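In: Just a sequence and a predicted model for now, questions to come.
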Amino acid sequence: MKTTFKAAIFALALTVTVGASAQGYMFNNNLKIGARSADVSALQAVLVSEGYLAVSPTGYFGTLTLAAVKKYQTAKMISPVSGFVGPLTRGVLNSSVAVTPTTPTTPTTPVLSGSEGFAEVRLSPTPTNNTNIQTSSDVAVYGVEFKAKQSDISVERLNLEVSVYNAGYENPSTLINKITVRDGSTVLTTIPVNSSTFSKASSTSNSYYVQITGISTKVAKDTTKTLTVSFDTNSIDTARAVTVGIFGAQGIRTVDGRGISSYNGLTDTRAHTFNKPGNSNLLVKADATTIYSQNYRINTTSNGAEKVLLSTFAVKSETGPSKIVSITATTSYSGTQPTNLYLYDGSTIVDARSVSGTSVTFDLNNSNINVAQDQTRTFTIKADMPATTATGTVVSATVTNVTYEKANGSSVSVSASVAGPYHYFAPVVPQFSKISSTATTVKNDNIDTSVTANVKLGIVAQGGDISATAGTITAVIGLKNLATGLIYSQAASSSVNGTVESGLTQFADGASKTVEFTANFGSSIFASGTTNVKTFVHSITFKPVNGATSTLTAGFELLDSDGYASFSK
């Protein structure tokens, strides 16, 4: 993009010549160090031609240009000699600078064949409306599609209507400094813009128009060609809303194979917003692949648990690119606190911090984590837990703040609250997976009297053996009202004993087994109007062979089953 920008403004600068002219290039904008625009390129061309600047035009007002302007002001007896191009300096420049058009003043008329014909004209699908333009060079704003009927046709003229709004309507020359018409990549004509280029559409209108002549491009019979209009703009401090269209019912002129002119209009417009370059807006949100609670084993004899996944989150940059500077996360825990937190960008670790309080800030200044416009990047937070972690510890991580840098160098902090789930830690843990679930309506005389819920889970023991006898694996089963989200607990919140294979007394460490729970719900617990209910697991209680009984209330989002029943109450 930078190469294209420089090439465009350098090409414009080459058109600037010194000498009196009725069509003088008009410097309408004040210029100072740090500015970047086609006006700067034109200024530099003047300074080069008069011997005050020894480098080719770049379009950037730097220290060399500043020194050259001071020399120019001294030679022209402009006071004060400040290097600032204000009204006095612009007046001298405008009296001595002219622009040579980049297209021939007498364009070659295409050779057309055929009899009388005409052009079908419509708005081109591209360019589309754009509410976030942050470039100033060769911005496509309007397209017209021509189809030649019955003969070749030549496109000769476009009357372009433009409105520019910035807390009030203004002459488009405050924003636009060049208009270009192209056939594909071929430049057909270019118009340098000054304060007199545009005429007001009417005394009461908010829009202006400009007549673009000398296009003279051939469209062969029965073929289609698209012409695209683009703008080069001055640097801006505030956003401009720009609407572009064709002016008048005869705003487009074409010529057929007999040399007869035809006229067309277009009522379609394109709407754009030209923003100050460098703006961006960062969104901090939950990741689309949100993780669920997990049960993690603590190795009590060596390293505890290392780099276990706590949470994921995503950031999206809108209206421009962003660079991530820092990310702050807080940990919530019951039992033992994590010792270290790690931040990953995808699979790459980008920062690690020891945990001394509840809040940790990851410093990403040197990581060069850039988020392009409309790009989404996903980050992961992992943790280390010590070997001394207390059985039954639960931990979660929440992202509370992200600081980012806009392309213009300004920094912004975004407050957030993207919470990860709670995770359970113990020396011996079961890891669960759902096998199946059902919810079945029981009827009596064709009336719904109860619902039977059934859940089958796969369990893998980790870190030690788990008892499997009756009463050592129990669950609290519920039903969720699909319309209201209300959860109906099993009657009296009693647990349901797990059913495992006959004679099984324990799950060996690493072994995978199936456990099944069945619970019945009488109709009296359901609110009037209940229509659909769905099986849900509240918690599971288990007992290590060597250890105390534990109840897990985290880790069951995955067990929100797809077993549901239609129930009429």
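Out: Nice, thanks for sending it over. Just so it is clear, the model here is predicted, and its values are computed rather than measured. Numbering: from 1, shown residues only.
In: rest of the way, CA atoms for contacts and neighbours
Out: Noted.
In: Backbone torsions only: list them for the closest residue to residue 551 other than its chain neighbours.
Out: Leaving aside its chain neighbours, residue 551 sits nearest to residue 541 (4.2 Å; criterion: C-alpha to C-alpha, 6 or more residues apart in numbering). Per-residue torsions, residue 541: phi -110, psi 130 (degrees, to the nearest 10).
In: before we move on, what about residue 40?
Out: Phi and psi for residue 40, reported as degrees, to the nearest 10, are phi -60, psi -40.
In: measure it to residue 31 for me?
Out: Distance of residue 40 to residue 31, computed by C-alpha to C-alpha, to the nearest Å: 7 Å.
In: And the residue nearest to residue 551, how far from residue 156?
Out: Noted for residue 541: a distance of 83 Å to residue 156, by C-alpha to C-alpha.
In: How about residue 248?
Out: Distance, residue 248 to residue 156, by C-alpha to C-alpha: 16 Å.
In: Does residue 383 touch residue 344 like I think?
Out: No. Counting by C-alpha atoms under 8 Å, residue 383 sits too far from residue 344 to count as a contact (11.2 Å).
In: what about these two, which has more around it?
Out: Counted by other C-alpha atoms under 10 Å, residue 383 and residue 344 do not tie: residue 383 has more neighbours, with 26 against 16.
In: Give me the pLDDT for the more buried one.
Out: pLDDT, residue 383: 97.
In: shared neighbours of residue 40 and residue 31, anything?
Out: residue 61 (C-alpha atoms under 8 Å, 6 or more residues apart in numbering).
In: Could you check which of these two is surrounded by more residues?
Out: The neighbour count for residue 40 versus residue 31, taken as other C-alpha under 10 Å, is higher for residue 40 (29 against 22).
In: how many neighbours does residue 88 have?
Out: When neighbours are defined as other C-alpha under 10 Å, residue 88 has 13 of them.
In: hang on, it in a strand?
Out: No. According to DSSP: H, G, I helix; E, B strand; the rest coil, the state of residue 88 is helix, so it is not within a strand.
In: and residue 437, how many neighbours does it have?
Out: For residue 437, the neighbour count with other C-alpha under 10 Å is 22.
In: in the protein, which helix or strand is least confident?
Out: Confidence across the helices and strands of the chain bottoms out at strand 16-18, with a mean of 38, counting by mean pLDDT, DSSP states H and E.
In: all strands for the stretch 351-500 of the chain, in order.
Out: Taking DSSP state E, counting those that start in this stretch as the criterion, the stretch 351-500 of the chain carries its strands at 359-363, 370-371, 376-385, 393-406, 411-419, 423-426, 429-444, 447-462, 466-467, 474-481, 487-489, 496-497.
In: Could I get the contacting residues of residue 31?
Out: 40, 61, 84-86.
In: go again using 6 Å as the cut-off
Out: Residue 31 makes contact with residue 85 under the criterion C-alpha atoms under 6 Å, 6 or more residues apart in numbering.
In: bridging residues for it?
Out: residue 85 (DSSP bridges).
In: ok, it to residue 90 distance?
Out: From residue 31 across to residue 90, the span is 9 Å (C-alpha to C-alpha).
In: For residue 41, what is the enclosing helix or strand?
Out: Residue 41 belongs to helix 38-49 when elements are defined using DSSP states H and E.
In: List the beta-bridge partners for residue 151.
Out: Applying DSSP bridges to residue 151 gives these bridge partners: residue 114.
In: Surely it touches residue 221?
Out: Yes. Using C-alpha atoms under 6 Å, residue 151 is in contact with residue 221, at 4.8 Å.
In: among the strands of the stretch 351-500 of the chain, which is nearest residue 287?
Out: Among the strands of the stretch 351-500 of the chain, the nearest to residue 287 by C-alpha to C-alpha is strand 376-385 (6.7 Å).
In: So which elements touch the closest one?
Out: When contacts are defined as 3 or more C-alpha pairs under 6 Å, 6 or more residues apart in numbering; DSSP states H and E, strand 376-385 packs onto strand 305-318, strand 340-345.
In: Next up, phi/psi of residue 72, please.
Out: Residue 72 adopts backbone torsions of phi -60, psi -40, taken as degrees, to the nearest 10.
In: And the helices in the protein?
Out: Assigned by DSSP state H, the helices in the chain fall at 2-13, 38-49, 63-75, 87-94.
In: now the ones you listed in TSV, with distance to residue 545 and mean pLDDT?
Out: Below are the helices of the chain laid out as TSV (distance: least, C-alpha to C-alpha, whole Å; pLDDT from 0 to 100):
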stretch	distance to residue 545	mean pLDDT
helix 2-13	68	41
helix 38-49	79	84
helix 63-75	78	90
helix 87-94	89	81
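In: for those, which one sits closest to residue 293?
Out: Closest to residue 293 of the helices of the chain is helix 2-13 (C-alpha to C-alpha; 46.6 Å).
In: Contacts only, for residue 346.
Out: Listed by C-alpha under 6 Å, 6+ apart, the contact partners of residue 346 are residue 379.
In: Next, find the distance separating it from residue 378.
Out: Residue 346 sits 6 Å away from residue 378, going by C-alpha to C-alpha.
In: residue nearest the centroid of the chain?
Out: Nearest to the geometric centre of the chain sits residue 374, at 2.2 Å (C-alpha atoms, centre = their mean).
In: Which residues are in contact with it?
Out: If you count contacts by C-alpha under 6 Å, 6+ apart, residue 374 has them with 317-318.
In: just so I know, which of the strands of the stretch 351-500 of the chain lies nearest residue 514?
Out: Proximity to residue 514, assessed across those by C-alpha to C-alpha, is greatest for strand 447-462 (4.6 Å).
In: Now that closest one: buried residues?
Out: Neighbour-count burial for strand 447-462 flags 448-462 (criterion: 16 or more other C-alpha atoms under 10 Å).
In: right, and residue 69 touches residue 83 too?
Out: Yes. Under the criterion of C-alpha under 6 Å, residue 69 makes contact with residue 83 at 5.1 Å.
In: So for the two, which sits in the more crowded spot?
Out: Neighbours per residue, other C-alpha under 10 Å: of residue 69 and residue 83, the larger number sits with residue 69, 24 against 21.
In: So in terms of bridging, what pairs with the closest residue to residue 434 other than its chain neighbours?
Out: Among residues not flanking residue 434 along the chain, residue 457 sits closest, at 4.7 Å (C-alpha to C-alpha, 6+ apart). Beta-bridge pairing for residue 457 (DSSP bridges): residue 434, residue 515.
In: what's the answer for the one 10 residues further on, then?
Out: In this structure, residue 467 bridges to residue 506 when assessed by DSSP bridges.
In: That one: what's it in contact with?
Out: Contact analysis of residue 467 by C-alpha under 6 Å, 6+ apart lists 506, 543-545.
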